[in-house]
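**Student:** Kindly generate the corresponding structure for this input.
(one chain, ligands or ions: 1)
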Amino acid sequence: MSGSRLMRAVRVSEFGPPSVLRLCSDVAAPQPGHRQVLIRVHACGVNPVETYIRAGTYARRPALPYTPGSDVAGVVESVGEGVTAVKAGDRVFSMATETGGYAEFAVAADQSVHRLHAALSFLQGAALGVPYFTAYRALVHKAHAKAGETVLVHGASGGVGVATCQLSRALGLTVLGTAGTPEGLKLALSNGAHLAFNHREEGYTQKIMEATGGRGVDVVVEMLSNVNLSKDLQMSAVGGRVTVIGCRGPVEINPRDAMAKESSIIGVILNAATPEENRECAALLYAGMEAGWLRPVVGAQYPLADAAQAHHDIIECLGAAGKTVLIV
Ligand code: NAP
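**Tutor:** Here you go, the predicted model:
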């Protein structure tokens with residue numbers, strides 16, 4: 001592919017509100033280097049962290065200008081030297097594009113590029129990477145969840161929540177999910193949750209405790225710890241593990257709640273996963289695509305030109321209903 005090829009891509013030239021996301025049509029398409037894959041992007045997942053980075057409030061600030069986005073699904077356009085696992089024409093997904101996913105073409109390291117099963121659309125493929133790898137990291141690598149245990153997916157209606165419900169069910173857990181709207185509750189129930197509770201309803205934690213016979217939950221996968229961490233510790237069973245996935249600020253807890261049940265609070269950050277851990281996860285996810293229990297739910301969809309609206313909505317709109325995706 002010629003180095004002068006131009007593509008459409010969303011660019012950020014200054015940190016700020018969603019309006020700093022600008023669609024440009026004259027961005028130089030990247031080229032794959034050693035052990036890199038060039039992907040013709042069909043769809044790109046929008047993750048909340050991309051809004052924090054764009055705003056300039058996140059610990060990591062990329063050099064400007066940059067193209068946001070890491071989760072893409074598409075077709076391999078070409079491969080760099082040393083790539084053997086995929087070839088031009090393969091349907092793939094990646095959660096770690098290096099040049100940005102809100103673009104027609106993106107480059108990713110070959111170890112982060114995985115085959116997309118024919119049963120999944122490109123839109124579903126764009127909902128796979130960060131959500132499912134995070135769910136797996138929290139449940140398996142961090143909480144060491146075992147079949148027969150009970151998990152509370154606190155925030156079960158969004159990208160990571162739906163993934164966690166599907167994976168938890170496949171792992172043989174009893175799955176309790178929460179959502180903030182009737183649609184979200186339905187979504188949790190149709191994606192693996194045995195029971196669903198409304199986290200905007202007064203007294204819902206009491207109902208969760210009743211559902212466990214007063215014993216509490218073994219594992220919590222928490223999407224909004226700054227609101228829920230104290231409640232999670234109170235709902236924990238003896239030896240429970242609370243995994244912190246999402247957090248938008250500080251929170252006060254009573255450490256006695258952890259002491260009394262010898263429960264643990266475990267931070268989860270996907271970027272810390274090793275290549276071996278990611279390989280293990282990718283193998284399980286592909287098995288899930290083959291077996292049919294892994295079926296990402298695509299929620300709000302936007303054309304690339306409306307990336308700013310997508311950033312606004314993913315933070316401001318109440319009521320997630322699956323994964324937010326950009327169609328490229
Ligand atoms: P998303 O699709 O926007 O979903 C957000 C979820 O949070 C929805 O299920 C929403 O439910 C729920 N929520 C809202 N208010 C809540 C409350 N009071 N209690 C419990 N849940 C509540 O976002 P996502 O992609 O699933 O990501 C979720 C969080 O995890 C984000 O903060 C993201 O930045 C973070 N994350 C972290 C990692 C990591 O490596 N640590 C990786 C991926 C994501 P309703 O809309 O139905 O109310």
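**Student:** which phi and psi does the residue in the stretch 151-300 of the chain positioned nearest to the ligand have?
**Tutor:** Distance from the ligand to each residue of the stretch 151-300 of the chain (CB to the nearest ligand atom) is smallest for residue 158, at 1.9 Å. (C-beta placed from N, C-alpha, C; glycine too.) With angles defined as degrees, to the nearest 10, residue 158 sits at phi -100, psi -170.
**Student:** for the one 4 residues further on, same thing?
**Tutor:** In terms of degrees, to the nearest 10, the main-chain angles of residue 162 are phi -60, psi -40.
**Student:** I figured it was touching residue 187, is that so?
**Tutor:** Yes. Shown here, residue 162 and residue 187 form a contact pair, counting by CB atoms under 8 Å, at 6.6 Å.
**Student:** quick revisit: residue contacts, the residue of the stretch 151-300 of the chain closest to the ligand?
**Tutor:** Taking CB atoms under 8 Å, 6 or more residues apart in numbering, we find residue 158 in contact with 223, 299, 320, 322, 323.
**Student:** Quick check: the gap between the first one and residue 180.
**Tutor:** Read it as residue 223. 11 Å (CB to CB, to the nearest Å).
**Student:** now do the third one
**Tutor:** Applying CB to CB, one obtains 8 Å for the distance of residue 320 from residue 180.
**Student:** circling back: relative to residue 251, which of the contacts of residue 158 is nearest.
**Tutor:** Closest to residue 251 out of the contacts of residue 158 is residue 223 (13.4 Å), distances taken as CB to CB.
**Student:** burial of the closest one, as a residue count?
**Tutor:** Look at residue 223: counted by other CB atoms under 10 Å, it has 25 neighbours.
**Student:** Tell me which residues touch it, please.
**Tutor:** When the contact criterion is CB under 8 Å, 6+ apart, the partners of residue 223 are 154, 155, 158, 160, 161, 245, 246.
**Student:** Can you list which of the residues you listed are found in helices?
**Tutor:** In helices, defined here by DSSP state H, the members of these are 160, 161.
**Student:** a markdown table for the contacts of residue 223, including pLDDT?
**Tutor:** Output for those, formatted as a markdown table (pLDDT from 0 to 100):
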| residue | pLDDT |
| --- | --- |
| 154 | 98 |
| 155 | 98 |
| 158 | 96 |
| 160 | 98 |
| 161 | 98 |
| 245 | 98 |
| 246 | 97 |
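**Student:** ok, and for the longest helix along the chain, which residues are buried?
**Tutor:** The residue-count maximum for a helix in the chain (DSSP H) belongs to helix 275-291. By 16 or more other CB atoms under 10 Å, the buried positions in helix 275-291 come out as 277, 278, 281, 282, 285, 288, 289.
**Student:** mind putting these in TSV, distance to the ligand and pLDDT included?
**Tutor:** Conversion of these to TSV gives the following (distance: CB to the nearest ligand atom, whole Å; pLDDT from 0 to 100):
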residue	distance to the ligand	pLDDT
277	13	97
278	13	96
281	13	97
282	16	97
285	15	97
288	18	98
289	20	97
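**Student:** will you turn those residues into a markdown table that also has distance to residue 58?
**Tutor:** Putting the buried residues of helix 275-291 into a markdown table (distance: CB to CB, whole Å) gives the following:
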| residue | distance to residue 58 |
| --- | --- |
| 277 | 23 |
| 278 | 22 |
| 281 | 24 |
| 282 | 26 |
| 285 | 26 |
| 288 | 30 |
| 289 | 31 |
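**Student:** So which residues of the stretch 101-250 of the chain form strands?
**Tutor:** Taking DSSP state E, counting those that start in this stretch as the criterion, the stretch 101-250 of the chain contains strands spanning 105-109, 113-115, 150-154, 174-179, 195-198, 217-222, 236-244.
**Student:** right, so these: which one is the most enclosed?
**Tutor:** Among the strands of the stretch 101-250 of the chain, strand 150-154 has the highest mean neighbour count (mean count of other CB atoms under 10 Å), at a mean of 31.
**Student:** who does it touch, helix- and strand-wise?
**Tutor:** Other helices and strands packing on strand 150-154, by 3 or more CB pairs under 8 Å, 6 or more residues apart in numbering; DSSP states H and E, are helix 159-170, strand 174-179, strand 217-222, helix 225-235.
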